[in-house]
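A.B. asks: got a predicted model here, sequence first, then my questions.
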Amino acid sequence: MMTVCLNSRGVGAILLFVLQMVRVQGSCDMAGAPWVIPDARGLSAKLYYAKDTGGDTFNITMAIRHGPGVVPGTLSGNKVTIDMDSTLTCEGIIADDCYSINWSTTKDSKGCFTPSWCRAWTKGCVSPAPPYGDGFSFFSTISSNMVLQMAPAKSAVYGITVGKPSSVTVKVTDEHGSSYTVDASLNSMHQPFGPGFEGGMNYPGPFQTWKAYLKPTPPGGNYTIFASCTGCTEGGDYENATITNVTFGDVWHCSGQSNMWLPLENSFMRNHTIANISKGTFTNMRAMIGDSADGVTNPWMTAQQAATTFQPNSQIPMLFKFGAACWYFGQKITELMIQDGKTPIPIGLTNTAIGGQRIEEYMRNNSGMTLCKDRSGEDSPEWNGQLFGKMTMPFVDMTVKGWVWYQGENNMGETKGNSIANIGYGCEMRELVKGWREIWSETPGTTDPNAPFGVVTLASSGSEGGPNMGAMRYAQTANYGVLPNPAMPNTFLAQAYDLDDEWDANSGPCAHAWSCCTWSDGLAGHGVYNATACKAGTNNNEAICTNACKAAADTIVKMGGIHPRSKKQVGDRLGLSAYSLVYGGKNAATGPTLSSCAVSGDQLLVEFNTSLLGGDSVQLQPYNRSQTALSFLEVQVDASIFCLEPIHSNISNRSSPMTCQSWAGGSSATNASKPLDSGWIPLNISAGSKGNTVQVDLTPLNGTAPTAVRYAWGIVDCCDHSDPMLYITHGCVANCPIMSTSGLPAN
């Protein structure tokens, strides 16, 4: 039988079909506009394209992730027959007006398609918007309820034309009835490219396009935008398109892989967000709501709409499908504006993150990509620029305030490198930022050519077994250790090395060994309460598991610990940094950043950059000093084995000797007797006499001078696992010692 492959995103995904008709016997012409299967909820539709090539047979080519699948059919008069397989035959009749096909007969109870197809963009036929549709329309990224970038920038609206258009005119009307009109330019929109949205086949297109620049507009307002085309269709039908409830504010584009994709549904604090929205908070926030892997076609919704519109056959709000880190970022900016007594401006969020992707897939496939050596996409051209073409290009005509990027797990197995030497991920991170800024700002007056760009470093659970996690976080800053920096100006950083899952991916013994909780994680199974086991495990004090069971039951773990549910802290840190960098906030834009160190007797005085601290000071959180490793400050006493990133002498041969390249602080020589980057000694720390210093106790070195110092490098777990109540009465997150007073961790 035929299998239609839906991806894990499930509901609302669109499958694109190409119907290659050979000849129609009868008066109806199958070619021209596609045939449409309207979605039952009216949110999406499937297209079947017809092409006459002669003969009385045809094939349906299905665009599924792993390539096209073909099934045959025949045409006799107005009767269409499709043999899906030996057990399923679909028969349909083309109506006399040629505008519909009614399907009827099957050989089993599974049914064929839907009861009927209709001719796209004819009266009564609900047809999809571009990029799947071919009619005159706004592009799918431009829709009702959206946020357009406010003044001083000018925003664009854009879309698809058909036929032989001679002009497109756009009229903008505010809530008071005042309006103005602008002429659009034809075929000026950037063309998406790459594999089709369901994979396998090429992206549909190229399209005939239009784009109109609007007047720079202050924040707020409620606008209706009406676009009309002359010459798009015969007779003038279906030449108009309208979007409503449009406002102006700041638009932020989020992207990356699965930890930016991870939806609110799988994050702690999601219910607090819904409660606040129901109280009237976050009325300024809007987003393209849905699974970010469908980010090009998700509908724009206000926060209130997203919180009160439910997913099909459930009581789960649509908001819970949106990426958690991205949403909490916008939420924190809103909270800080309210805290400072400001009226929050509208915030619009888009998200195109897809799990399991590499940075190369989101990069422009140009000289910037080839500049970077030892990159993971070098020998895999299918990675290079594919997601940029189909997920990023549809947004580059949308003026934005800036971007937020959370990615790196799938690059952990490769060279992290150094941006100064144009090696590895460090170079690619710099070039991705540069490439996005260049293409988004091609038209003067739209996106700022130096628009702010935020980056999230990896949590320790994101290594995917790859080496040199510390080198990866370093590479995520283009090897400066802090943002902004000369290679990545006007950028901001959210360190996440201390943001693994607050309750551990397994929610501790309460949910598992003691069977005190009823829960389901959607992957590893579920937990069932067992009174005997629970009483035994808790020594008849089941109440101690209340918080752990609540965490296990309320917030589902998604694919284990690699996707921490502690996304509110990620968004908060992004928002804090962006607010200081972009919105005039008075706190520091980054956490404590080492500027110097000096030995004095048996103490090492570590000093942090006062300029970067802004009005903050260094705050030392308590830790279990009997476990020195929990300070996460380490020194090395042998300079000959210092190496930021040991790599194999032959990067394609993982059994070759380890070396330390000059860009990693070495001489490229191998050293078999002393493993590279070893010999790090953890030491206890205490607050210094000044607000920007920390003292390190060198007594355990017995007078040996340190040659290097580092903090929170590599795999970091600042939780005290000697605490018998850890993950029972309380979780652990953001627990590393050196923080700023505004809550940002040391770099």
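C.D. replies: Good, I have the coordinates.
A.B. asks: okay, helices next: where are they in the protein?
C.D. replies: 258-261, 270-278, 303-308, 324-339, 367-371, 386-387, 424-440, 469-475, 508-511, 531-538, 546-554, 567-582, 610-613 (DSSP state H).
A.B. asks: tell me the most buried of the ones you listed?
C.D. replies: Comparing these by mean neighbour count (mean count of other CB atoms under 10 Å), helix 258-261 comes out on top with a mean of 27. For the C-beta atoms, the positions are set from N, CA and C on the backbone; glycine is no exception.
A.B. asks: where's that one relative to the chain centroid, distance-wise?
C.D. replies: Taking the mean of its C-alpha atoms, helix 258-261 sits 5 Å from the chain's own mean (CA atoms, centre = their mean, to the nearest Å).
A.B. asks: what residue ranges in this structure score low on pLDDT?
C.D. replies: 1-72, 84-87, 105-115, 120-135, 194-205, 233-238, 367-368, 375-384, 520-526, 668-673 (pLDDT under 70).
A.B. asks: helices and strands around the lengthiest strand in it, which ones?
C.D. replies: Of all the elements of type strand in the chain, the one with the most residues (DSSP state E) is strand 240-256. Other helices and strands packing on strand 240-256, by 3 or more CB pairs under 8 Å, 6 or more residues apart in numbering; DSSP states H and E, are strand 137-138, strand 147-149, strand 220-230, helix 324-339, strand 347-351, strand 402-406.
A.B. asks: re earlier: just put the helices of the chain in CSV and tack on distance to T628.
C.D. replies: Converted to CSV, those look like this (distance: least, CB to CB, whole Å):
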stretch, distance to T628
helix 258-261, 31
helix 270-278, 37
helix 303-308, 46
helix 324-339, 33
helix 367-371, 43
helix 386-387, 44
helix 424-440, 31
helix 469-475, 19
helix 508-511, 25
helix 531-538, 31
helix 546-554, 29
helix 567-582, 26
helix 610-613, 26
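A.B. asks: and those: which comes nearest D83?
C.D. replies: With CB to CB as the criterion, D83 lies closest to helix 386-387 of these, at 34.0 Å.
A.B. asks: and N485, what does it touch?
C.D. replies: With contact taken as CB atoms under 8 Å, 6 or more residues apart in numbering, N485 is in contact with 477-478, 491.
A.B. asks: quick one: those residues as CSV, columns for neighbour count and distance to M285 too.
C.D. replies: Converted to CSV, the contacts of N485 look like this (neighbours: other CB atoms under 10 Å; distance: CB to CB, whole Å):
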residue, neighbour count, distance to M285
T477, 25, 29
A478, 26, 31
T491, 27, 23
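A.B. asks: got the contact list for the nearest residue to G731 once chain neighbours are set aside?
C.D. replies: Using CB to CB, 6 or more residues apart in numbering and skipping residues adjacent in sequence, the residue nearest G731 is E502, 3.9 Å away. E502 makes contact with 268, 551, 564-566, 731-733, according to CB under 8 Å, 6+ apart.
A.B. asks: so which of those residues comes closest to S667?
C.D. replies: P564 (38.3 Å).
A.B. asks: re the thing from before, buried set for the longest strand of the chain?
C.D. replies: Within strand 240-256, the residues scored as buried using 16 or more other CB atoms under 10 Å are 241, 243, 245-256.
A.B. asks: for D602, the count of nearby residues, please.
C.D. replies: Residues lying near D602 (other CB atoms under 10 Å) number 13.
A.B. asks: picking up where we left off before, from the contacts of N485, which land in strands?
C.D. replies: Per DSSP E, the subset of these in strands is T491.
A.B. asks: R473 is in contact with L458, isn't it?
C.D. replies: Yes: counting by CB atoms under 8 Å, L458 is a contact partner of R473 at 6.3 Å.
A.B. asks: overlap in contacts of the two?
C.D. replies: Shared contacts of R473 and L458, defined by CB under 8 Å, 6+ apart, are found at Y497.
A.B. asks: circling back: of all the helices and strands packed on strand 240-256, which one comes closest to T169?
C.D. replies: Judged by CB to CB, the one of the helices and strands packed on strand 240-256 that comes nearest to T169 is strand 220-230, at 5.4 Å.
A.B. asks: please name every helix or strand in contact with that closest one.
C.D. replies: Counting contacts by 3+ CB pairs under 8 Å, 6+ apart, strand 220-230 is packed against strand 156-161, strand 167-173, strand 208-213, strand 240-256.
A.B. asks: if you set the cut-off to 10 Å instead, what comes out?
C.D. replies: strand 137-138, strand 147-149, strand 156-161, strand 167-173, strand 179-183, strand 208-213, strand 240-256 (3 or more CB pairs under 10 Å, 6 or more residues apart in numbering; DSSP states H and E).
A.B. asks: could those be laid out in TSV, adding distance to L75?
C.D. replies: TSV is the format used below for the helices and strands packed on strand 220-230 (distance: least, CB to CB, whole Å):
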stretch	distance to L75
strand 137-138	30
strand 147-149	47
strand 156-161	30
strand 167-173	37
strand 179-183	44
strand 208-213	30
strand 240-256	34
